[in-house]
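J.: Sequence first, then the predicted structure, then my questions.
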Amino acid sequence: MTGNGSPRRAVFLDRDGTLIDDPGYVDDPARVHLLPGVAEALQALERAGFLRIIITNQSAIGRGWITSDQYLTIQREVERQLIAAGASIDATYHCPHTPDAGCTCRKPGTALHREAVASWTIDVAASWCVGDQIRDLEPARELGCRSLLVRTGKGAAAVDEAVALGAAVADDLAAGIGLLTR
């Protein structure tokens, strides 16, 4: 369901390393494990009126390591675990291309973000990009929203660069809720 009314705030969430454990390329739904506090954080975002939208790079598809159907099965498992924990997301957008494909949908590109903004009537200035890598945060600058680096996944190694970009930093999504909802 998309929004056609008044613009709403959104949180553009990275998936691997932000919402779920990132063991490398997730190629099997059995390897999907929600990170601690994620369900509660998504519930808090929903209560605060935020759309929760996953924007994820999935180059394993373009590399031939998983099929599009495998990706969809894995994503359904993410959503199943979230629902079982009492949480939900509003939409998921993914880029299947490799880093050298030159597409605009692969983060730090903003094509998927812009598609979500148009589909969901999003107030970009009141929204956030959240992730564990700099490429998850860089779209915020072009879109005109704020960004939050989580130290989960690969985030601990990117703190200095994130701060230099003007991003907020939190230990994990749950710890960042206070920043996102004020």
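T.: Right, received. Where do you want to start? Residues are numbered from 1 along each chain as shown.
J.: Hmm, Asp123 and Gly144 touching each other?
T.: No: assessed by CB atoms under 8 Å, Gly144 is found out of contact with Asp123, at 10.2 Å. Placement of C-beta: from N, CA and C, glycine included.
J.: okay, these two: which has more neighbours?
T.: In terms of neighbours (other CB atoms under 10 Å), Asp123 is the more surrounded of Gly144 and Asp123; the figures are 14 against 9.
J.: The more buried one and Phe50 touch, don't they?
T.: No: counting by CB under 8 Å, Asp123 does not reach Phe50; the two are 10.4 Å apart.
J.: which residues are common contacts for the two?
T.: Jointly contacting Asp123 and Phe50 under the rule CB atoms under 8 Å, 6 or more residues apart in numbering are Arg8, Arg9, Ala10.
J.: Show me where the protein has its strands.
T.: Remark: strands assigned in the chain by DSSP state E are 10-13, 51-57, 91-95, 128-131, 146-150, 168-170.
J.: Next, format those strands as CSV and append distance to Gly102.
T.: Shown next, in CSV, are these (distance: least, CB to CB, whole Å):
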stretch, distance to Gly102
strand 10-13, 22
strand 51-57, 14
strand 91-95, 12
strand 128-131, 21
strand 146-150, 24
strand 168-170, 31
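J.: With mean neighbour count as added columns, please give the ones you listed in CSV.
T.: Listed next are the strands of the chain as CSV, based on neighbours: other CB atoms under 10 Å:
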stretch, mean neighbour count
strand 10-13, 28
strand 51-57, 23
strand 91-95, 18
strand 128-131, 29
strand 146-150, 26
strand 168-170, 19
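J.: Pipe the ones you listed into JSON lines and attach distance to Ala157 and mean pLDDT per row.
T.: As requested, the strands of the chain are exported to JSON lines (distance: least, CB to CB, whole Å; pLDDT from 0 to 100):
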{"stretch": "strand 10-13", "distance to Ala157": "19", "mean pLDDT": "98"}
{"stretch": "strand 51-57", "distance to Ala157": "17", "mean pLDDT": "98"}
{"stretch": "strand 91-95", "distance to Ala157": "22", "mean pLDDT": "98"}
{"stretch": "strand 128-131", "distance to Ala157": "13", "mean pLDDT": "98"}
{"stretch": "strand 146-150", "distance to Ala157": "10", "mean pLDDT": "98"}
{"stretch": "strand 168-170", "distance to Ala157": "12", "mean pLDDT": "98"}
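J.: And these: which comes nearest Lys107?
T.: When the strands of the chain are ranked by proximity to Lys107, the top entry is strand 51-57, at 5.4 Å, counting by CB to CB.
J.: what residues does the closest one touch?
T.: 3, 8-16, 19, 42, 45-46, 88-95, 106-107, 112-113, 116, 120, 122, 129, 135-136, 139.
J.: Between strand 91-95 and that strand, find me the angle.
T.: Following axes from the mean of the first three to the mean of the last three CA atoms, to 10 degrees, one obtains 20 degrees for the angle between strand 51-57 and strand 91-95.
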